[in-house]
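Asks: With the sequence up front, the predicted model follows.
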Amino acid sequence: MAKTILSAGTLTDPGKLDALIGAVKKAVVVDTNWDLLAFAQQLHGMSAGSINFVTVPVVSITLKTPNDGDAVQVDPQQVQRFVREVTGGSAPSSSASAPPPSSAAGDPALASYVVDVRNSSGVDGLANRVADKLAAAGYQRGSVTNSATRRTSTVYYGRGQRTQAEGIAEKLGGVAVASDSSLEKDHFRVYLGQKYSDDSGVHPASAPVVAEAPAAEITADGVTCVN
């Protein structure tokens, strides 16, 4: 679609541009203060290959609404952090914009550890529940997405941080840990497999024997699917 718009001279034709904006407003709800015309004009001279599409983290894709059926629920603070990471922006200095405290029982010493969670179990919403559990323990919430199905659960860690990974694994009931050299310091990634269960708490249904390699994330035309 982007290639068609940019190659058809739409952005240089006022009539076509007005029709495009009208079509967008019928199909998409946008902020009332967003000047779509000014935004579209910024795209003039840009090639389709220079445009990247990303999906913000979501809490639920089945949020019930009074009149409009299901909606997508997001956490505004999580989305703001995601946008800052993607755009390279810095966090606001205002305390009102700071991430919420993990919980009264959370360990402040764990706040510097960022934990991504990948749902490879096929259980809807499991990754978000586990991410919330880890955040309550004091860990910094990382990205939460779906990934290709796998049987076992594993916590991956970067160079020299096996002990910290074992601490995360312990909070998840004793899942396996494995090294991943692509991970930066203080950044961990949890893959939740089909054997994992969080019934009445977070724990594995049965302990894995061998850690599996990180699975590829599920995408749609390059856009990461979120759970």
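Replies: Yes, it's here. Numbering: from 1, shown residues only.

Asks: show me where pLDDT drops low in the chain?
Replies: Along the chain, segments meeting pLDDT under 70 span 1-12, 30, 32-33, 36-37, 40-51, 89-106, 198-227.

Asks: what about the helices in it?
Replies: Using DSSP state H, the helices of the chain run over residues 2-7, 14-27, 36-42, 76-87, 126-137, 162-171.

Asks: Of the ones you listed, flag the one that's most buried.
Replies: Ranked by mean neighbour count under mean count of other C-beta atoms under 10 Å, those are led by helix 126-137, which reaches a mean of 20. Every C-beta, even on glycine, is put in place using the N, C-alpha and C of the backbone.

Asks: which helices and strands sit right next to that helix?
Replies: strand 114-119, strand 140-146, helix 162-171, strand 187-192 (3 or more C-beta pairs under 8 Å, 6 or more residues apart in numbering; DSSP states H and E).

Asks: want to try TSV for the ones you listed, with distance to residue 29 as columns?
Replies: Putting the helices and strands packed on helix 126-137 into TSV (distance: least, C-beta to C-beta, whole Å) gives the following:
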stretch	distance to residue 29
strand 114-119	27
strand 140-146	24
helix 162-171	38
strand 187-192	33
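
Asks: can you tell which of those is closest to residue 82?
Replies: With respect to residue 82, and counting by C-beta to C-beta, the nearest of the helices and strands packed on helix 126-137 is strand 140-146 at 7.5 Å.

Asks: Direction included, what does the closest one pair against?
Replies: Sheet pairing of strand 140-146 (DSSP bridges) gives strand 114-119 (parallel).

Asks: And the contacts of the partner strand?
Replies: Applying C-beta atoms under 8 Å, 6 or more residues apart in numbering, the set of residues contacting strand 114-119 from outside is 126-128, 130-131, 134, 139-147, 168, 186-192, 215, 217, 227.

Asks: out of the helices and strands packed on helix 126-137, which comes closest to residue 52?
Replies: Taking C-beta to C-beta, strand 140-146 is the member of the helices and strands packed on helix 126-137 nearest to residue 52, at 16.1 Å.

Asks: Alpha carbons of that closest one, as PDB, please.
Replies: Taking C-alpha atoms only, strand 140-146 is exported to PDB below (Å, rounded to 0.1, in the frame of the first residue of the first chain):
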ATOM      1  CA  GLN A 140      12.000  -4.600  34.600                       C
ATOM      2  CA  ARG A 141       9.400  -5.700  32.100                       C
ATOM      3  CA  GLY A 142      10.900  -6.100  28.600                       C
ATOM      4  CA  SER A 143       9.100  -6.900  25.400                       C
ATOM      5  CA  VAL A 144       6.300  -9.500  25.400                       C
ATOM      6  CA  THR A 145       5.500 -11.400  22.200                       C
ATOM      7  CA  ASN A 146       4.500 -14.700  20.700                       C
END
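
Asks: re the thing from before, take the helices of the chain and lay them out in TSV including distance to residue 197.
Replies: Putting the helices of the chain into TSV (distance: least, C-beta to C-beta, whole Å) gives the following:
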stretch	distance to residue 197
helix 2-7	42
helix 14-27	40
helix 36-42	46
helix 76-87	25
helix 126-137	9
helix 162-171	15
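
Asks: quick revisit: tell me which of the helices and strands packed on helix 126-137 sits nearest to residue 58.
Replies: Per C-beta to C-beta, nearest to residue 58 of the helices and strands packed on helix 126-137: strand 140-146, 8.6 Å.

Asks: Tell me what angle the closest one forms with strand 187-192.
Replies: 40 degrees (axes from the mean of the first three to the mean of the last three C-alpha atoms, to 10 degrees).
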